[in-house]
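sequence and predicted model, in that order:
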Amino acid sequence: MSQTQMSKTGSCLCGAVKYQVDGPVKQVVGCHCTACRKQTGHFLATTDAWNDHFKLTEQRGLKWYRSSDHSRRGFCAECGSVLFFATDGAEKISITAGTLDGATGLNLVAHIFVDDKGDYYDLEESTPHHPQGGDTVPMPPKD
C-alpha cells in the first residue's frame with residue numbers, strides 16, 4: 001500500500017474536530033480563488049478523500065459555512081481552524097493538507113484559480129498553473 005493509501009488522521013488545532021481517512025487521498029492542489037484566500041488569509045492547500053473512506057471521529061466544534069449555492073466549508077468553531085471543503089452531491093471531500101497528522105507523503109502538484117492569486121507572493125514555475133479552475137489532478141482509485 002502506498003503512502004497516499006495508508007490510514008490517515010487529522011484534526012483542528014484544539015482537537016474539537018478530528019477525522020480519519022481509511023483509503024487513498026489525492027495529491028495536494030493549491031487554490032488561489034478569492035474565497036479561499038479570504039477564508040485562510042493566504043491560499044488553500046487541499047487533498048481529497050472519497051466520502052466512503054472519510055469519517056469524523058470528533059465533531060463537537062465542527063461548523064459548516066455555506067460559501068456558495070453548491071458548496072460549503074467546514075471549520076472549527078472553537079479554534080477557527082479551516083478544515084474541509086465540500087461540493088454538494090460530490091463523492092469526495094477536500095481536506096486542508098495542513099490538518100493531517102504527521103508525515104503525509106503528499107506533494108503540492110498544481111495551482112488553480114491563479115488569476116485571483118495575491119500579488120504578494122510568487123508561484124514556482126515547475127508546478128502546473130491553471131488560470132481559473134482546472135483541477136485535473138486525478139483521484140486515486142477507491143480500492
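In hand now; what should we look at? Quantities reported herein were computed from a predicted structural model and do not represent experimental measurements.

quick one, strands of the chain?
8-11, 18-21, 28-31, 44-50, 54-58, 62-66, 71-76, 82-87, 92-96, 108-112 (DSSP state E).

hey, which helix or strand in the protein has the poorest pLDDT?
Least confident helix or strand of the chain, by mean pLDDT, DSSP states H and E, is helix 34-40 with a mean of 91.

can you list the buried residues in that helix?
Under the neighbour-count criterion of 16 or more other C-beta atoms under 10 Å, helix 34-40 has 35-37, 39 buried. From N, CA and C alone the C-beta is placed, and that goes for glycine too.

with stretch 109-128 instead?
110-114, 116-117.

show me what that stretch is in contact with.
Contacts to stretch 109-128, defined as C-beta atoms under 8 Å, 6 or more residues apart in numbering, come from residues 27-34, 36-37, 42-43, 108, 129-137.

out of the buried residues of helix 34-40, who's nearest Lys142?
Taking C-beta to C-beta as the measure, Lys142 lies nearest Cys36 of the buried residues of helix 34-40, at 26.3 Å.

quickly list what the nearest residue to the closest one once chain neighbours are set aside is bridged to.
Spatial nearest neighbour of Cys36, chain neighbours left out: Leu44 (3.7 Å); criterion: C-beta to C-beta, 6 or more residues apart in numbering. Under the criterion DSSP bridges, Leu44 forms beta bridges with Cys31.

what stretches of this structure score poorly on pLDDT?
The model of the chain has pLDDT under 70 over residues 1-5.

most centrally placed residue in it?
Among the residues of the chain, the one closest to the centroid is Thr46, at 2.6 Å (C-alpha atoms, centre = their mean).
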